[in-house]
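Q: structure for the following, please:
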Amino acid sequence: MNLADLIMQAQGGGAVRQLSEQFGLGEDQTQSAISALLPMLTGALRQNASSEGGLEGLLGALQSGHHERYVDDPSSLASPDTVADGNGILSHLFGSKEVSREVANRASAQTGIGSDVLKQMLPLVASMVMGGLSKQTSQGAALGQSAGGGGILDMLTPMLDSNRDGSAVDDILGMAARFFTR
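A: Residues are numbered from 1 along each chain as shown. You can find the predicted model right below:
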């Protein structure tokens, strides 16, 4: 299952319903907002993972951050702690609030949903992204080792495949080579 499907279908669509209620949107609008924000978040994850120590940091955060609660318990999205965690994730990914604002503005242009609403939703969607990735890790699928496939490496491949050739192996080896030649 890809990341978007995992987030949209978590708990029978409970996360989408929760966000819809919190922000006064229809479920279709919420799905549209999530769909507009996800590529920007995964792009930032890809860029972060390709930096020195980024992949190790991401895997460490996924294994120890207990983020899966954001997809397992949709009511957790109403918690101020979730917003704080999401803002921490955004700070790590984007580096500044200005970038987060620009992400919300771009998503607003795509969806027609006000950028103020999307700015408030962004930390929650960031938490859900980490929750989706963390859930895959916690299910014993670390590094794609699960019997049925669909592991964390499968979810990370689209983010790490910078040359879009369908394989992240060459990109990961390139990251490692850059790391060891410094």
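Q: quick one: residue 12 from residue 72, how far?
A: For residue 12, the distance to residue 72 (C-beta to C-beta, to the nearest Å) stands at 12 Å. Backbone N, C-alpha and C define where each C-beta goes, glycine included.
Q: okay, these two: which has more neighbours?
A: The neighbour comparison of residue 12 against residue 72 (other C-beta atoms under 10 Å) goes to residue 72, with 16 against 9.
Q: hang on, isn't that one packed against residue 11?
A: Yes. Applying C-beta atoms under 8 Å, one finds residue 72 in contact with residue 11, separated by 6.9 Å.
Q: mind listing residues that contact the strand or helix carrying residue 16?
A: Counting by DSSP states H and E, the element that carries residue 16 is helix 14-23. If you take C-beta atoms under 8 Å, 6 or more residues apart in numbering as the criterion, helix 14-23 is touched by 7-8, 25-27, 29-31, 33-34, 70-71, 74-75, 77-78, 117, 120-121, 124, 128.
Q: just the buried residues out of the residues you listed, in ChimeraX syntax.
A: Filtering these down to the buried ones (16 or more other C-beta atoms under 10 Å) takes a single ChimeraX command:
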select :7,8,25,29,30,31,33,34,70,71,74,77,117,121,124,128
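Q: now stretch 6-14, how far from the chain's geometric center?
A: 14 Å (C-alpha atoms, centre = their mean, to the nearest Å).
Q: go on, stretch 8-25?
A: Worked out by C-alpha atoms, centre = their mean, stretch 8-25 lies 16 Å from the chain centre.
Q: swap in stretch 82-89?
A: For stretch 82-89 - counting by C-alpha atoms, centre = their mean - the centre lies 12 Å from the chain centre.
Q: again, but for stretch 12-28
A: 18 Å.
Q: with just CA atoms, put that stretch into CSV.
A: Taking C-alpha atoms only, stretch 12-28 is exported to CSV below (Å, rounded to 0.1, in the frame of the first residue of the first chain):
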residue,chain,number,x,y,z
GLY,A,12,-11.5,3.2,7.8
GLY,A,13,-10.9,6.8,6.8
GLY,A,14,-11.0,8.0,10.4
ALA,A,15,-8.1,10.3,10.0
VAL,A,16,-9.7,12.0,7.1
ARG,A,17,-13.0,12.3,9.0
GLN,A,18,-11.1,13.7,12.0
LEU,A,19,-9.4,16.4,10.0
SER,A,20,-12.6,17.2,8.1
GLU,A,21,-14.4,17.8,11.4
GLN,A,22,-11.5,19.8,12.9
PHE,A,23,-11.2,22.2,9.9
GLY,A,24,-14.9,22.3,8.8
LEU,A,25,-14.2,20.7,5.4
GLY,A,26,-15.9,18.0,3.5
GLU,A,27,-14.1,14.7,3.3
ASP,A,28,-13.4,15.2,-0.4
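Q: for that stretch, list every residue counted as buried.
A: Of the residues in stretch 12-28, those buried (16+ other C-beta under 10 Å) are 14, 15, 16, 18, 19, 20, 23, 25.
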